[in-house]
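[1] Let me see the structure of the following:
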Amino acid sequence: MNKTTSGWICGFLGMLIFSGSLPATRAAVASFDPLFLTLARASIASILALALLLAFKEKRPAKEDILSLVIVASGVVIGFPLLTAFALQTVTSAHSTVFIGLLPLATAIFGVLRGGESPRPVFWIFSGLGSALVAGYALTQGGGGSGFADILMFIAIILCGLAYAEGAKLSRKLGGWQVISWALVLSLPLMAPLTIYTMPASFVGIEQSAWIGLAYISLFSMLIGFIFWYRGLAQGGIAAVGQLQLLQPFFGLVLAASLLEETVSWSMVTVTGAVVLCVAGAKRFAKRQDAKSTSKTDLLSPTSLSNNLAPTQPDK
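    Model prediction:
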C-alpha cells in the first residue's frame, strides 16, 4: 500500500472517530459546565499522554518545536473544545456538526500557509463549493441555532484548522501521536489546577450519558483520533486528506439522530450529500505531495502498542 492510500485510510479513521465528538459533547454539557468539561477532558487526555511518553521514553521536542506545539494545544486542546462546548449549550449537535464542513477549507488554507502545499486550482473550487454549501445551510436556518453560538462555532473551526495544519507539519518530524501527546502535556500544568478549581461540589445527579460523553471526548476525541488523523494528513497531504472532514457532518448527523434522538431534517441530509460529491472532486484534483515531504515518516511505526506508536526518523 502506497503512502497516499495509507494516508487517506488513516484520515478516514480519524474523521470517523471525530464524528462522535459533538454528539458526545452535547451529551456531556447536559450535566457538566462547559468550562469544567473542557478542562477535565484535556486533563484526562494529558495524563494518558504523559504516561505514553514516559512508557516509551520519547525524547523531548526541540526548542524550535515549542511554538508549533503551543499552536496545536491552543487549537485542539483548548480553543475548539471550549468554544464548541459553550455553543452546544444553546444549539443541537445536529446543527453544530454541519459547521464541521467548513474545517476542510480552513485546514487547506493553513496547509498552504503553514505546510507549504500547493493544490491545483480546481481543488479550491470543490473545497470552496463544499464549504459554501455548509455555510449557506447554516445561514438559512432560523430556528436551528443562535447567532452567538454560530459565531463560536466559526471561530472554533478557524482555530482547529490552524492546529490541524500545524500539527500535521510537525508530525513529519516528531510523529503523529507524539505531537498531540506533547501538546497535551504542555497544557497539563494549566489545565489540571483549573480542573480542580472548577470541579462541581458534587457529582450527584450527573447522567450516565454525560459520563460516557466525557469518557469519549477525553480518550477518543483528544488522543486516539489524532493518532490516525495526523498520520493521514502527513502522508496524504494536509489539504487533500483534510477534505475528508466534509464527510464528518454525515456521520455526526447519524450519531445525533440515533444516540441523542435529535431531529435531522431533509435539508441537512441534502447538504451533506452534496458535500460528499465535493470530497470526491477535491480528492481528484488535489496535488500529490512530493517524496521529500512525506518520506520515511511512519507516524505509527512499530516499537510499541502492537506496532502503532513509535515514529521513524525524518529525512535529513
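[2] all contacts plus neighbour counts: C-alpha atoms, from now on.
    Will do.
[3] So for the most centrally placed residue in the chain, what's the pLDDT?
    Centroid-nearest residue in the chain, with C-alpha atoms, centre = their mean: F18, separated by 6.0 Å. We have a pLDDT of 93 for F18.
[4] What distance do you get for the closest residue to it other than its chain neighbours to G128?
    Ranked by C-alpha to C-alpha, 6 or more residues apart in numbering and with sequence neighbours excluded, the top spatial neighbour of F18 is S221, at 5.7 Å. Counting by C-alpha to C-alpha, to the nearest Å, the separation of S221 from G128 is 26 Å.
[5] Next, the contact list for the residue nearest to F18, please.
    S221 makes contact with 17-18, 20-21 under the criterion C-alpha atoms under 8 Å, 6 or more residues apart in numbering.
[6] what about 7 Å?
    Taking C-alpha atoms under 7 Å, 6 or more residues apart in numbering, we find S221 in contact with 17-18, 21.
[7] Just the pLDDT at it, thanks.
    95.
[8] ok, now G281?
    pLDDT, G281: 84.
[9] quick one: what helix or strand has it in it?
    Assigning secondary structure by DSSP states H and E places G281 in helix 266-285.
[10] Where does pLDDT dip in the stretch 151-300 of the chain?
    Within the stretch 151-300 of the chain, the stretches with pLDDT under 70 are 260, 287-300.
[11] from the contacts of S221, which ones fall inside strands?
    Judged by DSSP state E, the contacts of S221 include no members of strands.
[12] Let's have those in CSV, adding distance to I109.
    As requested, the contacts of S221 are exported to CSV (distance: C-alpha to C-alpha, whole Å):
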residue, distance to I109
I17, 23
F18, 20
S21, 23
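[13] What is the nearest of those residues to G161?
    Relative to G161, the closest of the contacts of S221 is F18; by C-alpha to C-alpha it sits at 13.7 Å.
[14] what's the spacing between the closest one and P200?
    With C-alpha to C-alpha as the criterion, F18 and P200 are 27 Å apart.
[15] Kindly report the same for V72.
    28 Å.
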